[in-house]
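**Student:** Provide a 3D model corresponding to the input given below.
(2 chains)
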Protein chains: 2
Amino acid sequence: MAEAKKEVRLVILVKFKEDATPENIEEAITEYAKLVDVIPSMNSFHWGNDESEKVNLHLHEGYTHIFESSFDSIEGVQEYEDHPDHAVFEKLLLSRVEKLLAFTYEPTIVDLQK
Amino acid sequence: MAEAKKEVRLVILVKFKEDATPENIEEAITEYAKLVDVIPSMNSFHWGNDESEKVNLHLHEGYTHIFESSFDSIEGVQEYEDHPDHAVFEKLLLSRVEKLLAFTYEPTIVDLQK
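**Tutor:** Next up is the predicted model:
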């Protein structure tokens, strides 16, 4: 039986500042995505913006965007946190957001037979 | 060229109440997972608890657990929201959490060549 590959995910929720332009936001997303290329422990990255209003869910606490990246281990997340390019990106992102939430977890997949 | 399959994800962050027992929490997770079997539009489900402390990240805003489920469309999320079994589960979950955040999004995958 193959052993399940360990995965650690980092979820970041942000609320961009009211005065952040679409270009400012796009640049932040692009700079985040570029980290996949320069930080070896970062395996993947995706992002999205909140669409909860479409299903009448109003519990997003004002957060506008989500970023999710994946790593092989907690040590991989630490490597990402400590990387100098992450520090440069973090400074850019923090200058453009009103608030930020970070959640680190190892997903336990529950995929029952349908 | 194959068209990328559309996916919509629902991320739920919760902070369980201080007096929620491990059994209370486990039951909530199990009941959530069971919805995959009964709600046709719900494709997958996984969960995890916050491990940000291990990387000295203290930005999880007190949220203790994450639940992520996926759907083919926004309509699929609506079907889930409207399902009677979801209503039963929601009542159970809300009775055990201090706060809850819900974020709905279509992931845009940025997976540059390494």
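**Student:** wasn't A:Asp19 part of a helix?
**Tutor:** No: under DSSP: H, G, I helix; E, B strand; the rest coil, A:Asp19 sits outside any helix and is assigned coil.
**Student:** so where's chain A uncertain?
**Tutor:** A:1-4, A:110-114 (pLDDT under 70).
**Student:** quick one: contacts of stretch A:56-69?
**Tutor:** Counting by Cβ atoms under 8 Å, 6 or more residues apart in numbering or on different chains, stretch A:56-69 makes contact with A:9-16, A:25, A:29, A:32, A:35-36, A:42-50, A:52, A:80, A:98-99, A:101, B:11, B:81, B:100-105, B:107, all of which sit outside it. From N, CA and C alone the C-beta is placed, and that goes for glycine too.
**Student:** quick one: the closest residue in space to A:His83 that isn't next to it in sequence from B:His86, how far?
**Tutor:** In space, not counting the residues next to it along the chain, A:His83 is nearest to A:Ile39; the distance is 4.9 Å by Cβ to Cβ, 6 or more residues apart in numbering or on different chains. With the distance defined as Cβ to Cβ, to the nearest Å, A:Ile39 ends up 38 Å from B:His86.
**Student:** please say which of those two ends up with more neighbours.
**Tutor:** In this comparison of A:Ile39 against B:His86, neighbours counted by other Cβ atoms under 10 Å in any protein chain shown, the higher total goes to A:Ile39 at 21 against 18.
**Student:** I'd say A:Phe45 and A:Leu35 touch.
**Tutor:** Yes: with contact defined as Cβ atoms under 8 Å, A:Phe45 reaches A:Leu35; the gap is 7.3 Å.
**Student:** compare neighbour counts for those two and give me the winner.
**Tutor:** Counting neighbours by other Cβ under 10 Å for A:Phe45 and for A:Leu35 shows that A:Phe45 has the greater number, 23 against 18.
**Student:** the closest residue to A:Ser52 other than its chain neighbours: which element?
**Tutor:** Spatial nearest neighbour of A:Ser52, excluding adjacent residues (Cβ to Cβ, 6+ apart): B:Thr104 at 4.3 Å. Using DSSP states H and E, the secondary-structure element containing B:Thr104 is strand B:97-105.
**Student:** partners of that strand in the sheet?
**Tutor:** According to DSSP bridges, strand B:97-105 forms sheet pairs with strand B:8-16 (antiparallel).
**Student:** for stretch A:89-105, measure first residue to last.
**Tutor:** Across stretch A:89-105, the terminal residues are separated by 22 Å (Cα to Cα, to the nearest Å).
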